[in-house]
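K.L.:
got a predicted structure plus its sequence, pasted below:
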Amino acid sequence: MKEFDNIDDYLLGLLSEADERAFLERVAQDQALAQQLAQRQKLIRGIQHKGRRALKAELETFHQQHQPQAAAPRPRRLLLGLAAAAAALLLLLWIWQSQSAHSPQRLYAQYYQAYDFPTALRQGDPQLTDRAFQYYEAGQYAEALPLFETALQNQPDRPIWELALAFCQLETGQTAAARSHFEKIYRAQTPLLEEQAAWYLALLALRNGESDRAREYLAPLAADPQADHHREAQSLLEQLD
C-alpha cells in the first residue's frame, strides 16, 4: 500500500525532492510500478477531459476487469492487492476532487509529458547520442542521462542535447538541475527550443505553486498561434484565471 501512497503523493506534488528522486529511480527500474503510475496519470487526465461521469465508468470497468472469477479463485494476497489498488484509485480521486479544481500542482500533473524529440533534431554522435535517445524513448532516463552529459562535455554548444539532459534530470528527480538547463535554453532564445523551454518552465512553476510565474512563461505561447503548445498555454491560462 505504501507504493500506492507514493504514487499519489508524487502526482499531488507532495514528495520532497529527495523522495521524488528515489521514487522516480524505482519507477525506472520497476515496470509494474511504471505501469501503475501511467494508469494513475491517465485517470487524472480523465477528470479534466472526460468529466466525472466518464471517469466513474472507467473505474467501474477497471473494477469489473479485476474481479476474481468464481471458477478460478484467486489467492487471498492477490485479492487484497486488487482491493488496495481500487481503494487507492478512489482515494486519489477523492483527494483530487477535494482540492481546488485548478490547483497549480493538479494542472502540472494533467499537462506534463516528457518531450518527444523529432528525428530531425537528434543528429549527433551515432555511438553516443543515438544510444542516449534510444534510452530516452524507452523511458530509461537514468541510463540516458550520463550519455547526454558526456555528449555535452564533448560538444557544449548543442542545446538539443542540453534539453534532453534536462528532461532526464527532471524524470530522475533532479528538478533544480533540470530547471537550470531549461532557463539557460530559454534565455539564449534558441530557435525551435525556446518555446519548449518556456512551456516546461511554466509547468515547473505550477508544480511549485508559482502561478504568476507560470503565467509569464505561458502568455507569449498563448499569444502566438504558431507557437508550440499554443492551445495548451491558452487552456492553462484560462484555468489559472
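P.N.:
That came through, no problem.
K.L.:
what stretches of this protein score poorly on pLDDT?
P.N.:
Low-confidence segments of the chain (pLDDT under 70): 1-5, 11-14, 41-102, 120-126.
K.L.:
what segments of it are strands?
P.N.:
Assigned strands in the chain: none (criterion: DSSP state E).
K.L.:
any chance you could map the helices in it?
P.N.:
For the chain, the helices defined by DSSP state H cover 2-11, 17-29, 31-49, 51-65, 76-98, 104-111, 129-137, 141-154, 159-171, 175-187, 194-207, 211-223, 230-240.
K.L.:
could these go into TSV alongside distance to T119?
P.N.:
C-beta: built from backbone N, CA, C; applies to glycine. Converted to TSV, those look like this (distance: least, CB to CB, whole Å):
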stretch	distance to T119
helix 2-11	31
helix 17-29	24
helix 31-49	24
helix 51-65	34
helix 76-98	36
helix 104-111	24
helix 129-137	9
helix 141-154	16
helix 159-171	12
helix 175-187	20
helix 194-207	16
helix 211-223	24
helix 230-240	23
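K.L.:
how about those in CSV, adding mean neighbour count?
P.N.:
As requested, these are exported to CSV (neighbours: other CB atoms under 10 Å):
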stretch, mean neighbour count
helix 2-11, 17
helix 17-29, 16
helix 31-49, 15
helix 51-65, 12
helix 76-98, 14
helix 104-111, 21
helix 129-137, 19
helix 141-154, 18
helix 159-171, 24
helix 175-187, 17
helix 194-207, 23
helix 211-223, 17
helix 230-240, 17
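K.L.:
out of those helices, which is closest to P118?
P.N.:
Judged by CB to CB, the one of the helices of the chain that comes nearest to P118 is helix 159-171, at 9.8 Å.
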